[in-house]
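K.L.:
next come a sequence and a model predicted from it.
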Amino acid sequence: MAKPKMDIPLPRFPEPDTEPFWEATKGHELKYQVCDDCGGVVWHPRRHCTHCTSLNLSWKTSKGEGTVYTYSIVRQNYYPPFRERIPYVVAWIDLDEGFRMLSNVVGVDAESVSVGQRVRVQWEDKDGLSLPMFTPA
Amino acid sequence: MPTQTRDAAIVGIYEYPLRKAPGVTPLQIKAESAAKALEEAGLTWTDVDAIYDAGDGGAGGMSGLSIAEYFNIKPNVIDTTAVGGSSYEFHAAHAKRDIAAGKAKVALLTYGSIAHSQQFNIGTGGRGMGGGPASPVGNMEMSWGMTLIANYALVARRHMHQYGTTSEQLAEISVTTRFHAVRNPEAKQAMEDLELLPGAREITIEDVMTSRMIADPLHLLESCIISDGGGAVVIASADVVSDTKKTPVWILGTGEATKYPEAGGDITTSAAAQSAPSAFGEAGVTPGEIEIAMIYDSFTITVLTLLEDLAFCKKGEGGSYVEGGKLRFDQAGAPALNTDGGGLSSNHPGMRGLFLLTEATRQLRGESTSQVPNAKLAVAHGNGGMLGARHSGSTIILGRD
Ligand SMILES: [Zn+2]
């Protein structure tokens, strides 16, 4: 029996909070939520405003530009699809619109990544959606 | 004195001696440890009227039901708080609260794990990649290859950037815990059984710095070991304490908190910054009075961050605070850190929080293998989950008469 090919874990659905975000990635749009009532930015995506008690949130499109808040170069991961990518960079990225998301910094020597570095989104298409990764701006 | 009350004390402890225990189950480790801890206190199963369980026996969300039957007890209080490695500090806090409220007299906390035999890559590998039901956080964070150690490395990197902390300073923490581990026969055996690098001996800053980089800036020797193991803690009300056999170790103050990623949040500050003031305030003691610091050492950066958040030093000054081996049991100027050898060098089956309570108790009884003479006050701080993302923290202040 053939082993199923292991690939990196992808978001799974149904998952109503995050499904609109991932739907938008198909068009390479980085979406985030803003509260209609208090203007607060909500991240990660969810049903309610985390600043006030409003349930009225709107999706906005980020320009995909931000700053590396912190990062690590992963040099050991036994999980095959990530093992193939070693060394790779995981990072918390502060987007200019005011949310902080976990992602990878790609397309650059891992050793050259730094805290405070300006980055912009770069998409990796995968199985019907697209992964927002970041590369130096 | 402010509000300090002596209504609940640790009266029995047991740490399962093996770190490599093929052929036993977590439930067996929990039960054996419970029996030994009760015996040490001069109590028995029927005395237990409150059970605290983090679900490590394998029953998941139903653990409060199954563990009572397995132990064959009929508790009046069941608490199944499960917040990772700090669960046992949460349990100790809740046991004190439940005993003070008159709902219980003898509380039993147990832990069992066969992480080593099951070959979980707790410290340095990837774990739980994409498992479990779909969740919002999982959907946003599972695709980036974040390992557990990389998550902690995110904190270390930011700490270095923000405060100039160095890898050599972080390495001091590994050196200190190993210094204590080689004095603990069970830890020494663990180092041999688990073939810890670079052998069952003391290590130097150089050893840490030259060990393999796993996730920059964290090295192999900055990571907790992966062991089997477990233990038990028995906490009793003041009126039961007078009939028990060992020096009671009173729970003087408790605090609980969570922390999670937020826009603009400071990753170098942990949940301990919220839990510690509550615990110290309730106990009516200051960090400067603490002689024993049992601090969750999943990785070196965990300890550095927690020492600052517990206010042993100012935020950002942890690096210089730990320099020069000051946290060794035989050095003055700072509390003794993880005198059993810690998760870095003695025992880390996945959720180490229970051992923070057992070693703090040994110190306050005068039974540690790295004993601080006449120690009277200890802090146990557990950290559960992921320091660089969402985690729990609980602070327990312990003291003897
Ligand atoms: Zn709002």
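P.N.:
That came through fine.
K.L.:
contacts, neighbours, all on C-alpha from now
P.N.:
Fine.
K.L.:
burial check on residue 81, number of neighbours?
P.N.:
The chain I'm using is chain A. For residue A:81, the neighbour count with other CA atoms under 10 Å in any protein chain shown is 15.
K.L.:
chain B is the one I meant
P.N.:
Burial measure for residue B:81: 18 neighbouring residues, criterion other CA under 10 Å.
K.L.:
who touches the residue nearest to it when sequence neighbours are not counted in this structure?
P.N.:
By the measure of CA to CA, 6 or more residues apart in numbering or on different chains, the closest residue to residue B:81 outside its immediate chain neighbours is residue B:54, 5.8 Å from it. Residues in contact with residue B:54 (CA atoms under 8 Å, 6 or more residues apart in numbering or on different chains) are B:63, B:80-84, B:87-88, B:111.
K.L.:
between these, which sits nearest residue B:283?
P.N.:
residue B:88 (18.7 Å; CA to CA).
K.L.:
ok now the host helix or strand of that closest one, how far from the chain's centre?
P.N.:
Per DSSP states H and E, residue B:88 falls inside helix B:87-100. Centroid displacement of helix B:87-100 relative to its chain, using CA atoms, centre = their mean, to the nearest Å, is 15 Å.
K.L.:
got the CA coordinates for that helix in CSV?
P.N.:
This file holds the C-alpha atoms of helix B:87-100, laid out as CSV (Å, rounded to 0.1, in the frame of the first residue of the first chain):
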residue,chain,number,x,y,z
SER,B,87,-1.4,22.5,36.1
TYR,B,88,0.0,21.3,39.4
GLU,B,89,0.6,24.8,40.7
PHE,B,90,-3.0,25.7,39.7
HIS,B,91,-4.0,22.5,41.5
ALA,B,92,-2.1,23.5,44.7
ALA,B,93,-3.7,26.9,44.5
HIS,B,94,-7.1,25.4,44.2
ALA,B,95,-6.5,22.8,46.9
LYS,B,96,-5.6,25.6,49.4
ARG,B,97,-8.7,27.5,48.4
ASP,B,98,-10.9,24.4,48.7
ILE,B,99,-9.4,23.5,52.1
ALA,B,100,-9.7,27.0,53.4
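K.L.:
tell me the mean pLDDT over it?
P.N.:
For helix B:87-100, mean pLDDT rounds to 98.
K.L.:
same check on stretch B:46-58?
P.N.:
Stretch B:46-58 shows a mean pLDDT of 96.
K.L.:
just the endpoints, please. Distance across that stretch?
P.N.:
Stretch B:46-58 has its terminal residues 24 Å apart, counting by CA to CA, to the nearest Å.
K.L.:
before we move on, what about stretch B:19-35?
P.N.:
One end of stretch B:19-35 sits 19 Å from the other (CA to CA).
K.L.:
so what's residue 56 up against?
P.N.:
Let's take chain A. By CA under 8 Å, 6+ apart, the residues touching residue A:56 are A:35-37, A:48-49.
K.L.:
switch to chain B, please.
P.N.:
Counted by CA under 8 Å, 6+ apart, residue B:56 has contacts B:26, B:111-113.
K.L.:
next structured bit after the helix holding residue B:88?
P.N.:
Using DSSP H and E, the next helix or strand after helix B:87-100 towards the C-terminus is strand B:106-113.
K.L.:
helix B:87-100 and that next one, what's the angle between them?
P.N.:
With axes from the mean of the first three to the mean of the last three CA atoms, to 10 degrees defining the directions, strand B:106-113 sits at 170 degrees from helix B:87-100.
K.L.:
tell me which other helices or strands the helix or strand that comes right after strand B:106-113 touches.
P.N.:
The C-terminal neighbour of strand B:106-113 among helices and strands, as given by DSSP H and E, is helix B:136-141. Other elements packing on helix B:136-141 under the criterion 3 or more CA pairs under 8 Å, 6 or more residues apart in numbering or on different chains; DSSP states H and E are strand A:99-105.
K.L.:
rerun that using 7 Å as the cut-off
P.N.:
On a contact count with 3 or more CA pairs under 7 Å, 6 or more residues apart in numbering or on different chains; DSSP states H and E, helix B:136-141 meets no helix or strand.
K.L.:
for that helix, the averaged confidence score.
P.N.:
Taken as a whole, helix B:136-141 has a mean pLDDT of 97.
K.L.:
next secondary structure after it?
P.N.:
Next helix or strand after helix B:136-141 toward the C-terminus (DSSP H and E): helix B:148-163.
K.L.:
now for the lengthiest helix in chain A, which elements pack on it?
P.N.:
With secondary structure taken from DSSP state H, chain A has its longest helix at helix A:19-25. In terms of contacts (3+ CA pairs under 7 Å, 6+ apart), helix A:19-25 is packed against strand A:129-136.
K.L.:
one more pass at 10 Å, please.
P.N.:
strand A:31-35, strand A:57-61, strand A:118-126, strand A:129-136, helix B:136-141 (3 or more CA pairs under 10 Å, 6 or more residues apart in numbering or on different chains; DSSP states H and E).
K.L.:
could you dump the ones you listed to JSON lines with mean neighbour count and distance to the ion?
P.N.:
JSON lines is the format used below for the helices and strands packed on helix A:19-25 (neighbours: other CA atoms under 10 Å in any protein chain shown; distance: least, CA to the ion, whole Å):
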{"stretch": "strand A:31-35", "mean neighbour count": "21", "distance to the ion": "5"}
{"stretch": "strand A:57-61", "mean neighbour count": "16", "distance to the ion": "8"}
{"stretch": "strand A:118-126", "mean neighbour count": "18", "distance to the ion": "27"}
{"stretch": "strand A:129-136", "mean neighbour count": "22", "distance to the ion": "26"}
{"stretch": "helix B:136-141", "mean neighbour count": "19", "distance to the ion": "19"}
